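**Q** Fold the following and give me the result.
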Amino acid sequence: MVTEILLVFFLVALGIQLFYILVIFGRMSFWYKKKNQSSDSQSEGVTVIVAAHNEKDNLKKLIPILCSQDYPDYDVLVINDRSWDGTRGLLEEMMSQYPKLRTVTVEYTPNHVTAKKYALTLGIKVAKNDVLLLTDADCIPKSDQWIRLMTKPVRNEGKTFALGFSQYNHGKGFLNKWIQFETLWTGLQYLSFAVWKSPFMGVGRNLCYRRNFFMEKKAFKGLWHITGGDDDLFVNLYAKGKNTAVVIDPDSITLSEPKNTWKSYFLQKKRHFHAGKYYRVGDKQKIGIYAFTHLLFWVSSISLLIIWGSEQNWEHFGIILGIIIVRSILLTSVFTSARKKLEGKTNVFWTGLFDLMYVGYFWIIGALGYQSKKVRWK
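**A** Numbers count the residues shown, from 1 in each chain. Okay, the predicted model is just below:
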């Protein structure tokens, strides 16, 4: 009886998993085609927004790159959020060197709001242009076409939001490979649903929207008390199928330095999962269905392998093992194609193993983040 129940669970989970992998994620990975750049006809002004708290070293590298973008009409606005590491002096020095650079200094944060949202709001209020392109101080655009590509849907196609992808720099070690996998997996999920006209999040490291829309919605109204969420929760609240586009092009991504210890990485992901509990119910359901059937698939398949292996029922054992291998091959194909579209690279790391590891990661770290009452930005 137990075996029959496990088999039913396995088959149901497998069917739902294959639907997500091949239909939802597969559409973005296999069939999505980027639009022709030659149709980029309108050069509306753009303001690049960077909120920085004690980011002097990162800004030294970032500002020259931002100020050398191949776009005719833009400025760079760095919001100096209560920094004490010499950021203010650096910005004053660099403004004389880079005419496109402007700065706003935040001296304090009111008690009832979170720091980064307050800093972003002050900066956005004084932005020169209506089209805003947001990134973080520790991010570097991959190419000088970043502004042009990321803002095109908002400038030329009448969209309110443009969602981009942000990757971490590649390095040595198991942690870095895991971060590459998890980042690609997250990007695949939110970009795929956006392609299906059902966006649910974006990342502040690479996000474009209109200033007038931000001000019309009274900034982060309803989100002030939540640490984080200036990107994914704002998108979750207001992005719809008709007003949102994705930008999928290796030249449109940003690159960041990844965490180098498991402790710092888990603290970062705990903060991200914490924001997720404020998503709309429907968005939590579509993410949750995949996560639950993912757990069910691996629990039921491993249980069946143990049962039939102990009974030496190698025929049924081989069928289940074969299905697991086929699913892993399909998932690897989706990841490979997605990475080629997003990063211009094709190799993926240990997809089958990391897919299994993701079960524990999601349900343990996700539960800790979901239940946590307080997390902080910096």
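
**Q** Give the bridge partners for D75, please.
**A** On the basis of DSSP bridges, D75 is bridged to T47.

**Q** Spit out the contact partners of it.
**A** Counting by C-beta atoms under 8 Å, 6 or more residues apart in numbering, D75 touches 45-48, 100-102, 128-129. Quick note: C-beta positions are derived from backbone N, CA and C, even for glycine.

**Q** which of the residues you listed count as buried?
**A** Those of those that meet the buried threshold are 45-48, 100-102, 129, by 16 or more other C-beta atoms under 10 Å.

**Q** returning to that earlier point: can you redo the contacts of D75 as JSON lines with pLDDT and distance to C139?
**A** JSON lines is the format used below for these (pLDDT from 0 to 100; distance: C-beta to C-beta, whole Å):
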{"residue": "G45", "pLDDT": "94", "distance to C139": "22"}
{"residue": "V46", "pLDDT": "97", "distance to C139": "16"}
{"residue": "T47", "pLDDT": "97", "distance to C139": "16"}
{"residue": "V48", "pLDDT": "97", "distance to C139": "11"}
{"residue": "K100", "pLDDT": "96", "distance to C139": "17"}
{"residue": "L101", "pLDDT": "96", "distance to C139": "16"}
{"residue": "R102", "pLDDT": "95", "distance to C139": "19"}
{"residue": "K128", "pLDDT": "94", "distance to C139": "21"}
{"residue": "N129", "pLDDT": "96", "distance to C139": "20"}
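
**Q** Taking these together, which two end up most distant?
**A** Farthest pair in the contacts of D75 (C-beta to C-beta) is G45 and L101. Separation: 15.3 Å.

**Q** what residues are up against the residue nearest to the spatial centre of the chain?
**A** Central residue of the chain (C-alpha atoms, centre = their mean): V203, 4.3 Å from the mean position. Contacts for V203 (C-beta under 8 Å, 6+ apart) come out as 163-166, 190, 231-232.

**Q** and it, helix, strand or coil?
**A** Classification of V203 using DSSP: H, G, I helix; E, B strand; the rest coil returns coil.

**Q** Got phi/psi on it?
**A** The phi and psi values for V203, taken as degrees, to the nearest 10, are phi -120, psi 140.

**Q** N176 now?
**A** According to degrees, to the nearest 10, N176 has phi -60, psi -40.

**Q** mind listing what it touches?
**A** Applying C-beta under 8 Å, 6+ apart, the residues near N176 are 168, 170, 258.

**Q** before we move on, the earlier item: ok, the residue nearest to the centre of the chain to K240 distance?
**A** Here V203 is placed at a distance of 18 Å from K240 (C-beta to C-beta, to the nearest Å).

**Q** Would you mind checking the contacts of N176 for buried ones?
**A** Applying 16+ other C-beta under 10 Å to those flags 168, 258 as buried.

**Q** Let's have the contacts of N176 in CSV, adding secondary structure.
**A** Below are the contacts of N176 laid out as CSV (three-state DSSP):
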residue, secondary structure
Y168, strand
H170, coil
P258, coil
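
**Q** still on that earlier bit, mind checking pLDDT for the residue nearest to the centre of the chain?
**A** Note on V203: pLDDT of 93.

**Q** State the distance from it to V113.
**A** 21 Å.

**Q** Equivalent analysis for F181, please.
**A** Per C-beta to C-beta, F181 is found 35 Å from V113.

**Q** In terms of neighbours, single out the busier of the two.
**A** Neighbours were counted for F181 and for V113 using other C-beta atoms under 10 Å; F181 has more, 21 against 16.

**Q** Please name the residues that touch that one.
**A** Residues in contact with F181, defined by C-beta under 8 Å, 6+ apart, are 335, 348-351, 354, 358.

**Q** mind running it again at 10 Å?
**A** 335, 339, 348-351, 353-355, 357-358 (C-beta atoms under 10 Å, 6 or more residues apart in numbering).

**Q** Would you list the buried entries among those residues?
**A** Buried among the contacts of F181 (16+ other C-beta under 10 Å): 335, 339, 348-349, 351, 354-355, 358.

**Q** pLDDT-wise, what's the bottom of those?
**A** pLDDT across the buried ones among the contacts of F181 is at its lowest for F349, which sits at 66.

**Q** can you give me the helices for this protein?
**A** 2-18, 25-26, 56-66, 87-97, 115-125, 146-156, 174-195, 211-216, 232-238, 262-276, 281-310, 314-343, 351-371 (DSSP state H).

**Q** for the last one, packing partners?
**A** Yep, that's helix 351-371 we're talking about. helix 174-195, helix 262-276, helix 281-310, helix 314-343 (3 or more C-beta pairs under 10 Å, 6 or more residues apart in numbering; DSSP states H and E).
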